[in-house]
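1. Next input, structure requested:
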Amino acid sequence: MPKKQTIPNRDFIRVGTSKIHGHGVFAKRKIPKGTRIVEYCGDRILKDNLLSDFENGLTSLRYVLSLTDDIAIDGERNGNDARFINHCCQPNCEVYIFDDIPYIYAMEEIPRWKEITFDYKLQSISSKKLTKKEKMKLYPCNCGAKKCRGTLIVQ
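-> As a prediction, the model looks like this:
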């Protein structure tokens, strides 16, 4: 599936070391509320193929963004800096999808050097209902937000 990139780099962001996790994305200058910051780029992969791609060493599954019920974008393959945006339970950005293209938008004014975050809203892939303790152990959250739910999983 071909990679789509429709907007040029608007030079709002830089990648740096994050207190949340590993690398993070930071505002190079003040970003006004409502601003489209960056497109989330990468190869479009059928979700049914993700597990076999992982088993065959084609992806680590770290930078996968769900696009539709059947398709995901793997930012590890032909992705851009957007793949380093960390999760936060009280994010300053959110993902909007237009014409099957995901963009990161500022939900509030973001000051220069602040880390850019969005809520991953992960769903458990297990058919078994996980307890909150299991979710926190399997998918811990390190965002440090006042209202951190302790896990990347929403439900």
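2. So which residues of this protein form strands?
-> For the chain, strands defined by DSSP state E occupy the ranges 13-17, 23-27, 36-39, 43-46, 64-66, 71-74, 86-87, 93-98, 101-106, 115-118.
3. nearest to Lys135, of those?
-> Lys135 lies closest, by C-beta to C-beta, to one member of the strands of the chain: strand 86-87, at 13.3 Å. No exception for glycine: its C-beta is placed from N, CA and C like everyone else's.
4. Which neighbouring elements make contact with the closest one?
-> Applying 3 or more C-beta pairs under 8 Å, 6 or more residues apart in numbering; DSSP states H and E, one finds that strand 86-87 makes contact with strand 115-118.
5. Touching the strand it packs on from outside, list them.
-> Strand 115-118 is contacted by residues 13, 18-20, 24-27, 31, 37, 85-88, 91-95, 104, 106, 110, 143 when judged by C-beta atoms under 8 Å, 6 or more residues apart in numbering.
6. With just CA atoms, put it into CSV.
-> This file holds the C-alpha atoms of strand 115-118, laid out as CSV (Å, rounded to 0.1, in the frame of the first residue of the first chain):
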residue,chain,number,x,y,z
GLU,A,115,6.5,18.1,24.6
ILE,A,116,3.7,17.3,22.1
THR,A,117,1.5,14.4,23.2
PHE,A,118,-1.7,12.6,22.2
